[in-house]
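Novice: I'll drop the sequence and a predicted model, then ask my questions.
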Amino acid sequence: MKNRIIIYLLIISSIIFYSCNINFPYEDFTPPSPPKNITVLNGDQRVDLYWRQNPENDIAGYNIYYSYSYNGKYTLIGSSGTNSFIDYGMSNGVKYYYAVTAYDYNGNESELSQDVIYAVPRPEGFNQSIFDFRRFPNNSGYSFSKYSVVPYNSLDADFFFENYQGTYFLVVYDDTDIKDMGPTIDIYDIQFAPTSGWSTSKDEIAKVGNTYVIWTWNNRYAKIRIKNITPDRIVFDWAYQTVEGEPMLKPNRERNKLYLSRKLNQTKEMD
């Protein structure tokens, strides 16, 4: 009799359970979509990365990877709970490719982002001063390769400052080129060195707030942004690309030209 009661109770419980339409918990095995619109800010031994937030509502975070080639093995360097990441301690003059994945609360991770993203960190400096070459000849030039002030007529001088009857000039020598890129917000605005439009007179009028790209005698690119000018001196920020012939001063995002080839060879390595 007792066994029958138990059986009846089990049958009634089953009927009540199914009639209430109670759902079993759903286990998610679907990974998020790869992050999009990856951009980088190239700096001095650092790279800042940004990307568009994923549309899924269960995103737990993002993993950031790097490689020395677009089709190479990508190594995990860190994770972020937001859509940005700073990669500190990178070597200046080395090209790094980056990719980002998204992962959800169930541990599902997306494929690598599709954008072709790379950076070549380079040295930079801020609030540097040089002086009018007529009055202060030994402190009027600047050498990017030495990261220092030099005499205007030094073999290491990449440019120098001149106050010519109240008009201010940045001057380079015959083996160097210069171009005024116009007003900018800061030293990071100019992404790549130009391919044309260099000054034929080997000088440019110095203006506060303008950025100038300099193509040095040893086939390197640099940029300076003037912050202040007085009759005696200029104050500027600078960045210098140490890789010969590399026009990247601050790279931006390329579209996924190489995505399919990387897709075939895609590998990720946990750090």
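Specialist: That came through, no problem. Residues are numbered from 1 along each chain as shown.

Novice: quick one: contacts of the helix or strand encompassing Lys179?
Specialist: Applying DSSP states H and E as the criterion places Lys179 in strand 177-183. Strand 177-183 has contacts (C-beta atoms under 8 Å, 6 or more residues apart in numbering) with 159, 170, 172, 190, 194, 197-199, 202-205, 207, 209-215, 223. Where you see a C-beta, it was placed from the backbone N, CA and C, and this is true even at glycine.

Novice: quick check: buried residues in that strand?
Specialist: Neighbour-count burial for strand 177-183 flags Asp177, Ile178, Lys179, Asp180, Met181 (criterion: 16 or more other C-beta atoms under 10 Å).

Novice: what helices or strands is the helix or strand following it leaning on?
Specialist: Beyond strand 177-183 on the C-terminal side, the first helix or strand identified by DSSP H and E is strand 203-205. On a contact count with 3 or more C-beta pairs under 8 Å, 6 or more residues apart in numbering; DSSP states H and E, strand 203-205 meets strand 167-171, strand 177-183.

Novice: tell me which of the ones you listed lies nearest to Gly93.
Specialist: Closest approach to Gly93 among these (C-beta to C-beta): strand 177-183, 21.4 Å.

Novice: so what strands line up beside the closest one?
Specialist: In the sheet containing strand 177-183, its partner strands are strand 210-215 (antiparallel), by DSSP bridges.

Novice: strands along the stretch 51-200 of the chain, start to end?
Specialist: Remark: strands assigned in the stretch 51-200 of the chain by DSSP state E, counting those that start in this stretch are 59-67, 73-80, 84-88, 96-104, 117-119, 124-131, 141-143, 148-150, 159-164, 167-171, 177-183.

Novice: for Leu49, which of those strands is the nearest?
Specialist: Closest to Leu49 of the strands of the stretch 51-200 of the chain, according to C-beta to C-beta: strand 84-88, at 4.8 Å.

Novice: list the buried residues for the closest one?
Specialist: In strand 84-88, counting by 16+ other C-beta under 10 Å, buried: Phe85, Asp87.

Novice: equivalent analysis for stretch 230-248, please.
Specialist: In terms of neighbour count (16+ other C-beta under 10 Å), stretch 230-248 has its buried residues at 233-234, 236-243, 246-248.

Novice: out of the residues you listed, flag the one nearest to Phe126.
Specialist: Asp237 (4.8 Å).

Novice: wasn't that closest one part of a strand?
Specialist: Yes: assessed by DSSP: H, G, I helix; E, B strand; the rest coil, Asp237 belongs to a strand.

Novice: that one contacts Tyr142, doesn't it?
Specialist: No: using C-beta atoms under 8 Å, Asp237 makes no contact with Tyr142, being 11.9 Å away.

Novice: now the common contact residues for the two.
Specialist: Gln128.

Novice: residue contacts, Val120?
Specialist: Contacts for Val120 (C-beta under 8 Å, 6+ apart) come out as Asn42, Gly93, Val94, Lys95, Tyr96, Gln241, Val243, Glu246, Met248, Pro251.

Novice: tell me the contacts of the fourth one?
Specialist: Under the criterion of C-beta under 8 Å, 6+ apart, the neighbours of Lys95 are Tyr68, Tyr118, Ala119, Val120, Val243.
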